[in-house]
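J.: Pasted the sequence and its predicted model underneath.
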Amino acid sequence: QVQVVESGGGLVQAGGSLRLSCAASGRIFSINAMEWYRQFSGKQRELVAAITNGGRTNYVDSVKGRFTISRDNAKNTVYLQMNNLKPDDTGSYYCRMVVDGDGRGYYYQYWGQGTQVTVSP
């Protein structure tokens, strides 16, 4: 089994910064994609940023130039550096890991429990 745990959320004023972390542990051979999603109240979860095991990144348009996703493969950890935060960024942020547990090439997704980000005006 694989456990995924996010941390780093909190309350910040508009224009401020937060750094989210997400660490995977357990039976892990390799991790393909590492992704951050967010969910606004009453809305569907949306992909915010993604990074492949080769380091390619992708962002939703609303965060380009403000958020940076990175990963540390040795620590099975993904980060989301969020700068110039806006009230519209308020929501629950979730990490998703796509994991091969034993090297046979079968990947499964694992989600964290979420961390709350609140940006005040």
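T.: Received it, and whenever you're ready, just let me know what you need.
J.: Correct me if wrong: Cys22 contacts Asn76.
T.: No: counting by Cβ atoms under 8 Å, Cys22 does not reach Asn76; the two are 9.2 Å apart. In this view, the C-beta of every residue, glycine as well, is placed from N, C-alpha and C.
J.: Tell me where this protein has strands.
T.: 2-7, 10-13, 18-26, 30-39, 46-51, 57-59, 67-72, 77-82, 91-100, 107-111, 115-120 (DSSP state E).
J.: Show the average pLDDT along the second one.
T.: Mean pLDDT, strand 10-13: 98.
J.: The first one now?
T.: Per-residue pLDDT values across strand 2-7 average out to 96.
J.: Adjacent strands (with direction) for it?
T.: Sheet pairing of strand 2-7 (DSSP bridges) gives strand 18-26 (antiparallel).
J.: mind checking how far the residue nearest in space to the middle of the chain is from Gly16?
T.: Nearest to the mean C-alpha position of the chain, counting by Cα atoms, centre = their mean, stands Trp36 at 2.8 Å. Note on Trp36: its distance to Gly16, by Cβ to Cβ, to the nearest Å, is 18 Å.
J.: Could you do Gln109 as well?
T.: 31 Å.
J.: repeat for Glu35
T.: Distance from Glu35 to Gly16, by Cβ to Cβ: 24 Å.
J.: Thanks a lot, see you next time.
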